[in-house]
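**Q** next come a sequence and a model predicted from it.
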Amino acid sequence: MDEELPRRLRDAAQAHRPDRERMRARVARGMAGGRPSVRVVRPPRAATPWLRVAGATAAVCAVLAAGAFAVTSADGDGPSGERAAAPPSAVATPSAPGGAPRAEDGPLRADGAVDPHSNAYWAQSDVTLRTGEPLSSLTVELRIALTGGVAGTGSWRSLPERDFAVSATEDGGFLVYRWTLRAGRTVPAGTHTFAGQYNHAEGARDASGDYLTAHAVRASGQRASVRASFGRDR
């Protein structure tokens, strides 16, 4: 029975003759009835996971594309050809080295020098202070580094002695001469000298570590501060 079935099916197929007239009639009836309706065919369930993967891939690509656009807009030219503005940066403000006052501030100016009459055992450091207007407050400090046997021997100033409180101390490795204008007194406009004297070891002394400062209040009420250094002793 099994051997006869294939042969019979093959013979039947070869003997079949399609009814062409009947087929034309069916086509004619279909065309006369208008366009055939279109039926939406859903994909088989087996294809659903593939579509989900494709959809997820498309979503990831969209996110990456948006990120790339954001980076391009921030670092380069945007869609309109305008460059994205960078965040404001801090602007450095110029100042004197180390934040120290300069040798000149408004009408106030100071200079320091080792007196030419100094010798191999003794020296005098001169502070020359110039002011273009009266001062209602003034403090002058002369700092002499305690090197090479430095020891104070006295001080003086060109302004009246009664107008100033004077002190000589050792502080932070320096011999410090300080002149402070007394309350109610005034320093007139002009050039004034403050001098500190000291002994030191025999020979030339390096005074490059010495310096002076002056802090003042002008008659206008504005403050002024200056600083200057010294050179090498004679």
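**A** Looks like it came in fine. What you are looking at is a predicted structure, and each value in this text was computed from that prediction instead of being measured.

**Q** packing partners of the helix or strand where residue 226 lies?
**A** Taking DSSP states H and E as the criterion, residue 226 maps to strand 223-229. Contact here means 3 or more CB pairs under 8 Å, 6 or more residues apart in numbering; DSSP states H and E; on that basis strand 223-229 packs against strand 104-105, strand 108-114, strand 211-218. Bear in mind the C-beta positions are built from the backbone N, C-alpha and C, glycine included.

**Q** what does that strand contact?
**A** For strand 223-229, contacts defined as CB atoms under 8 Å, 6 or more residues apart in numbering pick out 100-112, 208, 210-218.

**Q** so where is the protein shaky, pLDDT-wise?
**A** Counting by pLDDT under 70, the chain shows low-confidence ranges at 1-3, 5-6, 9, 12-101, 231-234.

**Q** buried residues in the helix or strand hosting residue 128?
**A** Here residue 128, judged by DSSP H and E, is contained in strand 122-131. For strand 122-131, the neighbour count (16 or more other CB atoms under 10 Å) marks 123-129, 131 as buried.

**Q** same check, this time on stretch 142-159
**A** 142-146, 150, 152, 155, 157, 159.

**Q** this structure: strands as residue ranges?
**A** Applying DSSP state E to the chain gives strands spanning 104-105, 108-114, 122-131, 135-145, 151-157, 164-171, 174-181, 190-199, 211-218, 223-229.

**Q** I'd like these laid out as JSON lines, including distance to residue 7.
**A** Shown next, in JSON lines, are the strands of the chain (distance: least, CB to CB, whole Å):
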{"stretch": "strand 104-105", "distance to residue 7": "123"}
{"stretch": "strand 108-114", "distance to residue 7": "129"}
{"stretch": "strand 122-131", "distance to residue 7": "134"}
{"stretch": "strand 135-145", "distance to residue 7": "127"}
{"stretch": "strand 151-157", "distance to residue 7": "138"}
{"stretch": "strand 164-171", "distance to residue 7": "128"}
{"stretch": "strand 174-181", "distance to residue 7": "127"}
{"stretch": "strand 190-199", "distance to residue 7": "136"}
{"stretch": "strand 211-218", "distance to residue 7": "125"}
{"stretch": "strand 223-229", "distance to residue 7": "123"}
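
**Q** alright, I will stop here.
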